[in-house]
Structures are given as C-alpha cells and as structure tokens.
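**Student:** sequence plus the predicted model coming up.
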Amino acid sequence: MAETLFKADVNKPMQDQEVPGHNRWHPDIPAAASTDPGTDFRIECLDWTNGQVRNDDSADDIRDIDLTPCHVLSGPIHINGAEPGDLLVVDILAVEPPSGSGEQWGYTGIFSQQNGGGFLTDVYPDAHKAIWDLRGLYATSRHVPDVEFVGIRHPGLIGCAPSHDLLARWNQREQALIDTDPDRVPPLALPPLQQNALLGTLSGSEFERVAGEAVRTIPPREHGGNVDIKDLTVGSRIYFPVYVEGAKLSMGDLHFSQGDGEITFCGAIEMAGHIDLGVELIKGGMEKYAMNRPTHMPMFELGHLQPRYASFLVFEGVGVSEDNTQHYLDLTVAYRQACLNAIEYLKTCGYTDEQAYIIIGTAPIEGRVSGIVDIPNACVSIYIPTEIFKRPIVPQDVPSRVAREAQLPHAPGDSEIRETHVQAPQS
C-alpha cells in the first residue's frame, strides 16, 4: 500500500485533523507534507462539505448547509524540485470510499435557489437529497428506485496552487463580473471570504492577510481545481502547470459517480475516502508543450477504466429558451433544453421531477456538443445508458415486425396504401 501523506479521520472536521487541510486557494498556504518525483502515495479526504450531510431521509441538511467552509481539501503536497514553468505529472492510481463499517455511502443534493442553486434552479428551487449505497463498483439508492450503475470514481477537485500574479488576475476578473449584478441570487461569483476560511496551519496576522486574498474553491480555473470531469478516473494521467515552488498540489471533493455537467450543483455521488497518486516532473514543461497561454489549463490522458454500457437513449437540445427566445450559438441554453427534455421523458417512466434530475446528475451520462457552427442554434445531446434501469425505459408501444412485413410508401393524399405491382417480363 502506498504511504499515506495526508490523513483524515472521517469522524472529525478538517480543522480538527492532526494536520489540517484548507478550503481556499492561495500560494502562501503552508504545505502539509512533501514528497519526491517518482513516488506513489495516498491522500485521505473528507467529503467536500466537511461532514455536514447525514445518511438519513431528510433534506434539511442540504437546505441548511453552510457553503462558506467548502470545499475542504487535503494538502497542499510540496513536490521537491518543482519550480514555476515545470509540469507536474500526476497518475491517478485508485479512488475509494472509506473502508470502515457503515461508511460505504454517498449523497447527492439539489441545492435550494437561496443557497447555491444549480443548473436548473429556476425550475427546481427547493432542496432535495438522495443517499446512495456503494457496493463494489455499483451504486444504488433507496431514494431513486430501479436504478443501478457502475461508478466512474474521480476527484472532483485537484490542482496546484496559483502564483500571486495569477491569484490577483482571478480576483480582479471575478469581482468585475460580480459588480455587473451585485444583488443577484444566486450570485454571479464568490469573492474572498474570511468567514470559515481554513488555511492549513496559518495563524495570526498571516492568516488574516491570506484569508482576505484567497479565492474560493467553487469554480475551476487555469490551474484545474473544481473541474468535475467524470472521466478523470483511475488510470488517468494529468499534466499540471506549476506556478509556485513545490507546486503545492491539493485535492478533494471525491465522487463515486457523476453525469457530465454535475447539473444539480451537488450533482455527483459525493463521498469521503482516499486517492492514491503517483507524481513525476517535466522540467520546463510548460514552454516545451505550449502550456503557457494565459488561460491554458491542465491536460490529461484518459485511463482505460470505463463502464461497458452499449445502449443509450439520447436527448437533444438547441439554444432556444422555453419562451421561444432565440439565442446565438448558446451551449448553456442548449444543454438546459436537453436536460429538461430528458427529465420530462423520465417522468413518463414513473420517476418524479427530482428523481429524474438526480439521475442525470449522478449516472454516467454523456453530454456532447453536437453542433456549434449552424447559426443561430448550438445543438447539444445527452446520452443516458438504458442498462442502468431495472424498469422499461425505452418506448414500449412500437410494433415489432420483420423486414418482409414493411408497408409500402404511398403518395401524399392517397387514402389507401398503393401497392406496387411488378409485371413479369414476357418471353
């Protein structure tokens, strides 16, 4: 077993761990541990909310959740020899839930519009929750019947610390966005917040300074962070730009499974657990591999571990709002329409609105950009694997026939089907 570089007791909040992690991004957060390139190691993680969600049938904890401590991250891990301009190569070797008795469970939340919201928060403004039982590769839920699927386990959040210059750019542009509509609910972005900031072992005046500058962990940024890519799973290799000495790698927000988009905001199957990693270093790799554009992000190689689903029901969406407003090549509107179309269909199969919303958020749903050039409509499609359902999920009232029973086409306006007669050639 790989050496554990960061330990986390799931029965204690992150601030009470032997070495506390952090919940903000800043280059001056002290490293919690260090290692050399060429090593494999284990990192233990709490769930992203710092243990605020219970394994019960009430969504009150989701409704009342305090987002100011989120996400709690494990790290930073100092990689010896890493310098700005290098690439940190990270191999994901394992992602597992806790092994203790009764700890193999996860949850999905639909956040209320007043507290975080979600992709469809105007349609589903109230809080809901589903608890999932995790058994081997599979997830099932007493709150979403007749569904069982293979989880693609991955870290929702992983990245290196930003430089001071990069941090300043993030704060400047996000504040400019907030200023365009400062009273919006939910807000357009989250500025630095000292309340419930956790900055590793920092204290005193240094804590006050860093807490006033450190960015929240909610959005993904150029360093990676909360990218929520479901395919970033076991066997993947990630290439991270290094911005500070030691790279300061951190991670958390482990997911047992997730659909593309994680649309309910807390839309994955969230869990605590551990992640095993291996690290290597490419000196000067950012310039060598042209990863030094101002908005460049990490790149990764896919692993070979994927569920073997072959049958899908596909829903499409284009960039037109429900009120018939035409948008120009708008992928967000198109994805929204594809999701709403899928939810309406799943309701005909006996699921509630919230169950259908949660299925799309958690199951290994594929979201694809189908067209982005055919003005004015962008087209998006989402692929739902039909094998995850234990009840009929495709239309059942289509007559079955063989090829010879096909009827012949007839001209528009004909009241009867016109048969085609073929004369035999005369000898």
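**Tutor:** Happy to help now that I have it. Numbers count the residues shown, from 1 in each chain.
**Student:** and the chain, what are its domains?
**Tutor:** Following the TED database, one finds the domains of the chain at 3-301, 312-388.
**Student:** which residue ranges of the stretch 1-150 of the chain form helices?
**Tutor:** Using DSSP state H, counting those that start in this stretch, the helices found in the stretch 1-150 of the chain span residues 60-63.
**Student:** that one: strands as residue ranges?
**Tutor:** Using DSSP state E, counting those that start in this stretch, the strands found in the stretch 1-150 of the chain span residues 3-6, 33-35, 40-45, 73-79, 87-96, 105-110, 128-135, 138-141, 144-150.
**Student:** would you map the helices across the stretch 151-300 of the chain?
**Tutor:** For the stretch 151-300 of the chain, applying DSSP H, counting those that start in this stretch gives helices covering 164-179, 204-213, 285-288.
**Student:** got a list of contacts for the shortest one?
**Tutor:** Read it as helix 285-288. Contact with helix 285-288 is made by 85-87, 239, 241-242, 282, 291-292, 296, as judged by CB atoms under 8 Å, 6 or more residues apart in numbering. Glycine gets a C-beta too; all of them are placed from N, C-alpha and C.
**Student:** so where's the stretch 301-427 of the chain shaky on pLDDT?
**Tutor:** 414-427 (pLDDT under 70).
**Student:** repeat the analysis, applying 90 as the threshold.
**Tutor:** Filtered on pLDDT under 90, the stretch 301-427 of the chain yields the residue ranges 305-306, 397-427.
**Student:** same check, this time on the stretch 51-200 of the chain
**Tutor:** Using pLDDT under 90, the flagged stretches of the stretch 51-200 of the chain are 101, 113-118, 185-186.
**Student:** returning to that earlier point: how about JSON lines for the helices of the stretch 151-300 of the chain, with distance to Lys129 and mean neighbour count added?
**Tutor:** Shown next, in JSON lines, are these (distance: least, CB to CB, whole Å; neighbours: other CB atoms under 10 Å):
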{"stretch": "helix 164-179", "distance to Lys129": "29", "mean neighbour count": "14"}
{"stretch": "helix 204-213", "distance to Lys129": "31", "mean neighbour count": "14"}
{"stretch": "helix 285-288", "distance to Lys129": "42", "mean neighbour count": "16"}
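**Student:** tabulate those (CSV), appending distance to Val398.
**Tutor:** Shown next, in CSV, are the helices of the stretch 151-300 of the chain (distance: least, CB to CB, whole Å):
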stretch, distance to Val398
helix 164-179, 48
helix 204-213, 60
helix 285-288, 54
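**Student:** follow-up on the earlier one: can you tell which of the strands of the stretch 1-150 of the chain is closest to Ala189?
**Tutor:** strand 73-79 (19.2 Å; CB to CB).
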